[in-house]
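[1] Quick one: sequence and predicted model below, then my questions.
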Amino acid sequence: MAGFILKRLLQAIFVILAVTLIVAFAIRLSGDPAVMLLSGGGNVTEQDLQNIRQALGLERPFYVQYLGFLRGIFVGDFGKSFMGATPVSALIAQALPATLLLAFVSLLISIVLSVPLGIYAAVHRGRWPDQLIRILSLVGLSFPNFWLAIMLVLLFSIVLGILPPSGMEGPESFVMPALTMAIILTATNVRLVRTSMLETLSQQYIMVARSKGLRDRVVLYKHALRNSAIPLVTYIGLQFGSLIGGIVIVERVFNWPGMGSLAFDAISNRDYPVLQGAITVLALFIVLINLLVDIAYGLIDPRIRTE
Amino acid sequence: MKFSTTLKALGFTTAVALAPLMAVSAQAAGTLTTAVAIDPGSWDPIDTFLVDWSSAANNIFDGLTARGADMKLKPGLATSWELLDDNKRIRFKLRENVKFHNGEPFNAEAVKFTFDRLLGEEGKKGPQQSNYTSIDHVEVVDENTVDFVMKQPDPVLLTKLAGYGAMIVPPKYIQEKGDAYFNTHPVGTGPFKFVEYNPKVNLVLEANPEHWGGAPKLDKVVTRFISEANTQVAELQAGRIDVATLIPFGLAPTVEKSPNLDLVSITGPTVVSLRFNTKEGITKDPNVRKALITGVDRDAIIKAVLLGHAKPIASFQSELSFGNDPAMKPVPFDLAKAKKMLQDAKVPAGAPVRIDFRGNDATFREVAQATAGYLQALGLKPSLQPHEPPVLLNDIIPNGKTGEAWHQAWGGWTFDYDNTAYLMYHTGEKWNPYGSDPKLDALLEKQRTVYDVKEREKILQEVARYVADQALELPLYNQNTIYGVNKRVKNFDAPADRRFRFTETTVE
C-alpha cells in the first residue's frame, strides 16, 4: 500500500511540475506586461519599458524566473501581483474560500436534487416519470452554462428583481451561481443515480429482501440506496475537482470574487505571478482530490493497487 | 422583452419562495455606486496608468491644476502659476489651509515630496515617471510657493499636473506607514476620503466635508470592479449600480430602452484611423491615398457599425483636443470622384489593399469589413489581416511590415494633439515606420518649445492640415465615451476622460 501511495504521489508531483511549466511558458508568449502597464501613457520610450521590466523582474532569463517561482511554491510565496504589488498568496487566500464555498453549495444542491429524482426514475423505470426525468436531464446537459447564467439573471434580477445579478454579498448571492452549476451537475448525476440504482435493484439480495416481506421503503432506502451509493461517492469526489476547474465562466458572469475571476483577470492584465499562483493552487487541488480518490479506491479494491 | 410575461409566470413560484430575500436592489440614500472593469490593485498615483484607477481616485486626490468635465484647465491645489527664467522655471502659488484626510497639512514640502518620489527610484518602478521627465526637480520657495525647474520645455505639463502621477500625496503618512500600506489605504486632499478597499470587489469612499472646493453633496461613493460588460449592464438594470463605465456599442440599445436608465454618449479621447503605407504598394502615391479617403463613406460606417456613437474627424484628434481646428472638415464621400482619381493615377483594377488590424477589436473588425466593401466598389482588391495585438504593435507596425493600410486607435487623457501626433508623424518614432519629412519634424519639434497657448495651437493645427494634405491616413472617427446612468442620479457631469469627480452629484 505504501508503495502504491508513493507512486501516486510521484505522479502528482510530475503533473504539478508540468502544469506550472506550461502556464509560466504560455503566458509569457501572450504579451509584454510592461507595454500593458504603460498603454495609457503618451511618450513612452524603450528606457521606460526597460525600467518597468526590471522592477517586475522580467529581464531575467526564463529559467531563472521559473525556478524562482518553483522555489516560492514550497515556502508558500507566489510573489507579488504586477497590478499594485499585493502578495499573490493574499489574493488566493481571499479567492479560494469563495470558490470552494460556491463549489460546495453547488454540489450539495445537485445531490439534494439528483438522488431523489434518480431513485424515482429507477423505481418507475420505463414509465412516464422516468422518461420525463431522462428528457429533462438531457436538456440540462445541453445547456451552455453561460447562457443558463444569463437567463437566470434576466429572470431573477431584471424581470423579477429579487436576486442580486452579481457579487458575493449574502446567502441570496449564492442562489443563481450555485443553481447554474447545480443544474448542469444534476443532469449527469440523475442519470448516474438511476443507473446505479437499477443495477442494485436487480441484485439477488434485493430479491431476498423483498421475498422476506420487507416493506418497499426499507428495501429501497436501507438496502438498495446504501449499496448504490459507493460508485456515487467516488464519482462526486472526482466531480468536485472538475467543478472547481469549470467554475471560471460562472464566476465571470456573476462577478464572483473567486479563483476563476482571479485567473481570468490575470490573463487579461498579463499578471504573470497571479496567474501562475492561481493555476498552481487549482492544479494542486484537483491533483489532491484525485489522489485521495485513488487511495480510497486502492483501499476498497486491492486489484487497483497492483495495477 | 416580449417573453417577459411567460418568464414571470414561470418564475412566480420561485419568487414566492424567495420573497423573504426581497429588496436586495434598494440603494442606500446618499450613496452613489459606480462600476469599472479593472481593479488597479494599488491606489498609489505612481503605480498605475489605468483609466479605471482615475475613475475612482480622482475623488481622493487633487493635482496642482485641475480639469473639469468640459476638459478646461483650472486651478487645483495651486491657485496661480507663472513662467520665469525664460520658461525654464514654473512658479506655483499653493492653496492655503488645505489638509490631507489624515490631518497632515498640504504645503510646499508635500509638493516637493510628491515629485521627488515620482521622479526618483520609487517612480522608476511604475509607469508614470515617463510622463513627467521634462521636470528636472522641484524647489521649495516658501511654505506656499514652489518652483518647477524644467529640464526641457513641456507645454503639456500644466495639463499633466491635473491627473494621474502628479496627484499630490502626503509625505509624513507615506514615510510613517510605508508604500505598501499607502497602496491599499490611500490618503489625499480630495473631496472624498478612503473608507475601505476589498481587492477585486470594491472601494468605498466617504465625503470629506472639509474639502477646499466645498463639501460634496453625496455621503458615499462606492466603486465596484466588474470586468464583464453584460454583468455591469445587468447590475445597472437591477438598480444596484448608478453609473456603468463598460458599455460596448452592442449593449447601448439595451441601456437606452430601460425605463430607469439613461445612456450618456459623449465625445471621448479615442480616435481611429487607417494609416497608409507611404513606401510601398499603390498607397505610395498621395493621389491614390486621397482617392481612398474620398471613396470610403465614413458617415455611413459611423451610423451602421458604431450605431451613431462616434463623430467624423478631419485629423487624428477629437473636437475636445488641443490643436483641433474646427475649420478643418472631413473629406466628403464621393464614389464617382474617387474612381476617377484612381483612374487618373493609373491604378490597375484589382490592385491589392491589405488592412492590418487588432484581431481582438470586434467593433473595428466590422469597420474594416465595411471599409473593404467601399474599396471593392472602387475596383480594388481589399483583404483583411487580423493580428494578435502584441504582434501588431510590437512587430508589424514598428518594423514596417504592414500592408497598404493599418489600424490605429489611440487617445491620450491629456486631450493634446502632441500626445499622438509626435509619435505618429515624427521621423524615427515607433508609430511612424514609413515617413520621414523634415518639414513635419520641424513643426512637431517647435510646438514642444512654445508655451504661448495661441501660438502652439496654431502650429498643431498646421501639423494637422499638413498631414491631411499629404493624405498620410484615412481619418475614420472619434469614438464616444459611453456611460449607463440610473435616472436617480442628478447633476452628473459626465467627463469625456472618465475621470469622475462627484462633488456636485446627488442621488434620489
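    In hand now; what should we look at?

[2] which residues in the stretch 201-350 of chain B form helices?
    B:229-237, B:252-257, B:286-295, B:298-304, B:335-344 (DSSP state H, counting those that start in this stretch).

[3] now these as JSON lines including mean pLDDT?
    Output for the helices of the stretch 201-350 of chain B, formatted as JSON lines (pLDDT from 0 to 100):
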{"stretch": "helix B:229-237", "mean pLDDT": "93"}
{"stretch": "helix B:252-257", "mean pLDDT": "93"}
{"stretch": "helix B:286-295", "mean pLDDT": "96"}
{"stretch": "helix B:298-304", "mean pLDDT": "95"}
{"stretch": "helix B:335-344", "mean pLDDT": "95"}
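
[4] Of those, which stretch is the most buried?
    Neighbour counts (mean count of other CB atoms under 10 Å in any protein chain shown) averaged over each of the helices of the stretch 201-350 of chain B peak at helix B:229-237, with a mean of 25. Placement of C-beta: from N, CA and C, glycine included.

[5] what's the offset of that helix from the middle of its chain?
    22 Å (CA atoms, centre = their mean, to the nearest Å).

[6] before we move on, what about stretch B:33-48?
    Using CA atoms, centre = their mean, the offset of stretch B:33-48 from its chain centre is 15 Å.

[7] Tell me how many other residues crowd A:A209.
    Each residue near A:A209 was counted by other CB atoms under 10 Å in any protein chain shown, and the total is 18.

[8] Same question for A:P171.
    8.

[9] One more: B:E196?
    13.

[10] In a helix, B:Q479, correct?
    No. B:Q479: not assigned to a helix; according to DSSP: H, G, I helix; E, B strand; the rest coil it is strand.

[11] Next one: the residue nearest to it when sequence neighbours are not counted from B:P248, what distance?
    Setting aside the residues directly before and after it, B:Q479 is nearest to B:T270 in space (CB to CB, 6 or more residues apart in numbering or on different chains), at 4.4 Å. The gap separating B:T270 from B:P248 is 13 Å, by CB to CB, to the nearest Å.

[12] before we move on, the earlier item: isn't the residue nearest to B:Q479 right next to B:A409, touching?
    Yes. Taking contacts as CB atoms under 8 Å, B:T270 lies within contact range of B:A409: 6.1 Å.

[13] The closest residue to chain A within the stretch 251-400 of chain B - nearest residue in space that isn't next to it in sequence?
    Of all residues in the stretch 251-400 of chain B, B:P390 sits closest to chain A, at 3.9 Å by CB to the nearest CB. Leaving aside its sequence neighbours, B:P390 sits nearest to A:G31 (CB to CB, 6+ apart; 3.9 Å).

[14] picking that back up, what is in contact with B:T270 and B:A409 at once?
    B:Q479 (CB atoms under 8 Å, 6 or more residues apart in numbering or on different chains).

[15] where does the chain have low pLDDT?
    Since you didn't name a chain, this refers to chain A. Low-confidence segments of chain A, defined by pLDDT under 70: A:1, A:38-45, A:245, A:300-307.

[16] To clarify, I was referring to chain B.
    B:1-28.

[17] Centre-most residue in chain A?
    A:I244 (1.3 Å; CA atoms, centre = their mean).

[18] That one contacts A:F285, doesn't it?
    Yes. The pair A:I244 / A:F285 is scored as a contact, 6.0 Å apart, by CB under 8 Å.

[19] And the residue of chain B that's closest to chain A?
    The nearest approach of chain B to chain A comes at B:G41, 2.4 Å away (CB to the nearest CB).

[20] What residues of the longest strand along chain B count as buried?
    Under DSSP state E, the strand in chain B containing the largest number of residues is strand B:261-276. Buried residues in strand B:261-276, counted by 16 or more other CB atoms under 10 Å in any protein chain shown: B:261-265, B:267-269, B:271-276.

[21] Now do the contacts for the residue of the stretch 151-300 of chain A found nearest chain B.
    Going by CB to the nearest CB, chain B is nearest to A:P165 of the stretch 151-300 of chain A, at 3.9 Å. Each residue near A:P165 by CB under 8 Å, 6+ apart is listed here: A:V153, A:S157, A:I158, A:M176, A:F254, B:T231, B:A234, B:E235, B:Q237, B:A238, B:R240.

[22] Give me the secondary structure label for it.
    coil.

[23] just the one 10 residues further on next, same as before
    When the structure is split into helix, strand and coil by three-state DSSP, A:V175 lands in helix.

[24] nearest spatial neighbour of it, skipping sequence neighbours?
    Using CB to CB, 6+ apart, the nearest residue to A:V175 is A:L163, at 5.5 Å.

[25] Surely that neighbour and A:S157 touch.
    Yes. Between A:L163 and A:S157 there is a contact under CB under 8 Å: 5.5 Å.

[26] For stretch A:230-246, C-alpha coordinates in CSV please.
    Output in CSV follows, covering the C-alpha atoms of stretch A:230-246 (Å, rounded to 0.1, in the frame of the first residue of the first chain):
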residue,chain,number,x,y,z
ILE,A,230,-20.5,3.6,-3.3
PRO,A,231,-19.8,4.5,-7.0
LEU,A,232,-21.8,7.7,-6.5
VAL,A,233,-19.5,8.9,-3.7
THR,A,234,-16.3,8.3,-5.7
TYR,A,235,-17.8,9.9,-8.7
ILE,A,236,-18.9,13.0,-6.8
GLY,A,237,-15.4,13.3,-5.3
LEU,A,238,-14.0,13.4,-8.8
GLN,A,239,-16.6,15.8,-9.9
PHE,A,240,-15.6,18.3,-7.1
GLY,A,241,-12.2,18.6,-8.8
SER,A,242,-13.5,19.3,-12.3
LEU,A,243,-16.2,21.5,-10.8
ILE,A,244,-13.5,23.9,-9.5
GLY,A,245,-11.9,23.9,-12.9
GLY,A,246,-15.1,24.6,-14.7
